[in-house]
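K.L.:
With the sequence up front, the predicted model follows.
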Amino acid sequence: MEKLSTVLGDYAHGRALLGGDTEVPGYAIEPVQVSPVIGAYRRMVRDLEFDVCELAPTSYLMAVQAGVPLTAIPVFLNRRFHHADVQCAAASGVRFPGDLAGKRIGVRAYTVTTGVWVRGILHAEYGLDLGSVTWVVDDEDHIEGRAPANVERVTDGRSLGALLRAGEIDAALSGNAGTGRAGAPLAGWSAPAEEPPGAAGEPYPLFPDHDVLATDWHLRTGIYPLHSVIALRRELVERDPGLPSALYAAFAESKRLQVAADPEWSALPRLGKQARQLGADPIPYGADRNDRSLRALVEFSRQQGLLDADFPAEPRRLFAEGDYPDA
């Protein structure tokens with residue numbers, strides 16, 4: 001039985017697969033722990049270090065465009081809205097999205113998928129000229145060479161959170177895409193605690209009513225930002241064309257078992273909240289049911305210079321050939 005070295009983040013809906021409670025016929029899943037899992041993304045796209053690995057969707061698309069021999073199945077282990085992600089410096093004077101024109105905004109690396117979604121929303125929904133913004137980064141892109149000229153790298157080792165609180169940048173993304181960590185995603189990645197937004201002298205959210213705005217945006221557009229696509233080495237699929245369908249079925253079964261055991265998503269409260277926002281499955285698998293979201297990510301990536309203009313947007317072309325029923 002062939003082993004498949006597999007790296008996933010800590011998702012309750014992936015544990016049955018990693019633990020052997022769901023099977024990929026003919027294969028044995030061999031879990032590999034990488035913390036933070038974002039560090040595995042870089043190792044996968046640069047060195048093909050694993051057989052199967054969760055990847056940031058933008059990194060996957062850019063890797064395919066660059067000719068990295070990877071393919072994927074339409075399993076997205078993580079989903080989240082991004083209207084809450086932009087935090088503004090206390091003295092920035094930013095009150096509306098248009099106020100960000102000409103400002104300096106921090107993001108871990110220009111190509112992080114969260115950044116692509118945030119920029120896409122700010123441009124498509126609020127008309128922000130993305131070229132007028134200076135994007136301040138403090139980490140490398142997983143795939144270098146596509147960042148535009150209006151990207152500036154932090155050179156003195158300070159974190160984006162420190163720069164935001166000092167007022168040296170006007171806004172920044174929060175969490176792992178910005179102020180919620182410092183340095184590159186290596187072992188021991190520091191994750192400084194973020195102060196509650198709105199405290200005196202501290203950053204505040206661009207969109208205080210982000211949950212309402214995100215839900216309205218989703219209902220109008222059908223877009224539900226996707227993250228954590230499952231990528232695998234193309235060589236494996238060339239040897240066994242049935243592997244993508246079998247792997248997809250195993251991920252779907254792993255999720256089914258978790259939902260049956262925890263239908264309210266109590267193990268992952270954020271996804272439980274999103275299930276209530278959507279009135280539906282918070283992590284839908286499949287290419288067809290994620291059509292609008294996949295097309296939007298490709299379009300935003302093209303607009304932001306990360307993908308060529310002729311990069312295919314047809315969702316089925318983004319994945320290995322296989323049988324991917326909605327799951």
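P.N.:
Looks like it came in fine.
K.L.:
Strand partners (parallel or antiparallel) of the top strand by length along the chain?
P.N.:
Longest strand in the chain by number of residues (criterion: DSSP state E): strand 70-79. Strand 70-79 has its sheet partners listed here by DSSP bridges as strand 226-233 (antiparallel).
K.L.:
can you list contacts of the very next helix or strand once past the longest strand of the chain?
P.N.:
Counting by DSSP states H and E, the next helix or strand C-terminal to strand 70-79 is strand 86-88. By Cβ atoms under 8 Å, 6 or more residues apart in numbering, the residues outside strand 86-88 that reach it are 94, 100, 105, 118, 122, 164, 170-174, 178-179, 197, 203-207. (Glycine included, C-beta is placed from N, CA and C.)
K.L.:
ok, now stretch 21-38?
P.N.:
By Cβ under 8 Å, 6+ apart, stretch 21-38 touches 1-10, 15-18, 20, 40, 43, 50, 52, 54, 56, 176, 181, 185, 187, 189, 240, 243, 246-247, 250-251, 253-254, 257.
K.L.:
Would you write a ChimeraX line that selects the buried entries of the residues you listed?
P.N.:
In ChimeraX, this line selects whichever of those come out buried by 16 or more other Cβ atoms under 10 Å:
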select :4,6,7,8,9,15,16,17,18,40,43,50,52,54,56,176,181,185,243,246,247,250,251,253,254,257
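K.L.:
Out of the contacts of strand 86-88, list just those in helices.
P.N.:
Counted as lying in helices by DSSP state H, out of the contacts of strand 86-88, are V118, L122, L164.
K.L.:
so what's the last one up against?
P.N.:
In other words, L164. Q87, A89, G106, A171, A172, T179, P203.
K.L.:
redo that, cut-off 7 Å
P.N.:
Q87, A89, G106, A172, T179, P203 (Cβ atoms under 7 Å, 6 or more residues apart in numbering).
K.L.:
I'd like to check which residues are in contact with P282.
P.N.:
R79, W265, L271, Q274, A275.
K.L.:
V259 versus the third one, what's the distance?
P.N.:
According to Cβ to Cβ, to the nearest Å, L271 and V259 sit 10 Å apart.
K.L.:
Same check on the first one?
P.N.:
Counting by Cβ to Cβ, the gap between R79 and V259 amounts to 14 Å.
K.L.:
These two - which one has more neighbours?
P.N.:
R79 (20 against 17; other Cβ atoms under 10 Å).
K.L.:
Give me the pLDDT value at the more buried one.
P.N.:
Looking at R79, its pLDDT is 97.
K.L.:
sec struct for R46, please.
P.N.:
helix (DSSP: H, G, I helix; E, B strand; the rest coil).
K.L.:
What about the contacts of stretch 21-38, which are in strands?
P.N.:
Per DSSP E, the contacts of stretch 21-38 map to strands at E2, K3, L4, S5, T6, V7, V52, E54.
K.L.:
Kindly indicate which of those residues lies nearest Y324.
P.N.:
Distance to Y324 across those (Cβ to Cβ) is lowest for V52, with 15.7 Å.
K.L.:
so that closest one sits right up against E2, yeah?
P.N.:
No. Here V52 lies out of contact with E2, judged by Cβ atoms under 7 Å, at a distance of 11.9 Å.
K.L.:
Below-threshold pLDDT in this protein: ranges please.
P.N.:
187-200 (pLDDT under 70).
K.L.:
Dump the ones in strands among the contacts of stretch 21-38 to CSV, plus distance to A231.
P.N.:
Output for these, formatted as CSV (distance: Cβ to Cβ, whole Å):
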residue, distance to A231
E2, 18
K3, 17
L4, 12
S5, 13
T6, 11
V7, 10
V52, 7
E54, 8
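K.L.:
Counting neighbours, what do you get for T221?
P.N.:
By the measure other Cβ under 10 Å, the count of residues near T221 is 14.
K.L.:
and the closest residue to it other than its chain neighbours, what element?
P.N.:
Nearest residue to T221, sequence neighbours excluded (Cβ to Cβ, 6 or more residues apart in numbering): R292, at 6.9 Å. According to DSSP H and E, R292 maps onto helix 291-303.
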